[in-house]
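*Asks:* My questions are about this predicted structure, shown below with the sequence.
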Amino acid sequence: MWSIIGILASIIVVLSWVPQVTRILTTRRADDISFGLPVLLIIGSVFWVAYGVHLEDTIIMTVNSVIISINVLILLLKRKYGRERA
């Protein structure tokens, strides 16, 4: 039962980033996206992955690896689309 709750929570957390990535790709703008939030989430997720490895918890490791990937993507999109255009 608790594994199902963990899986559902993980799916919801990962899906919460879809609107932000979609918006950046659609508008091709990221100048209003904070740099600090994805950086802090990457750092926090790295610690969560390490914790998941320690516990041998696949759910924790997987969801936080996906969160790291999404936030790296957001930083790359911010670099590409975040500059003001003349």
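*Replies:* Yes, it's here.

*Asks:* model confidence over the biggest helix by length in the chain, on average?
*Replies:* Counting residues, the longest helix found in the chain (DSSP state H) is helix 58-81. Throughout helix 58-81, pLDDT has a mean value of 95.

*Asks:* What sits closest to Val46 if chain neighbours are left out?
*Replies:* Leaving aside its chain neighbours, Val46 sits nearest to Ile68 (6.7 Å; criterion: C-beta to C-beta, 6 or more residues apart in numbering). Quick note: C-beta positions are derived from backbone N, CA and C, even for glycine.

*Asks:* which residues touch Val14?
*Replies:* By C-beta atoms under 8 Å, 6 or more residues apart in numbering, the contact list for Val14 reads 63, 66-67, 70.

*Asks:* Okay, buried residues for whichever strand or helix holds it please.
*Replies:* According to DSSP states H and E, Val14 maps onto helix 2-15. Buried residues in helix 2-15, counted by 16 or more other C-beta atoms under 10 Å: 10, 14.

*Asks:* OK, contacts around the residue sitting nearest the centre point of the chain?
*Replies:* The residue lying closest to the centre of the chain (C-alpha atoms, centre = their mean) is Ile67, at 3.3 Å. Neighbouring residues of Ile67 by C-beta under 8 Å, 6+ apart: 13-14, 17, 41, 45.
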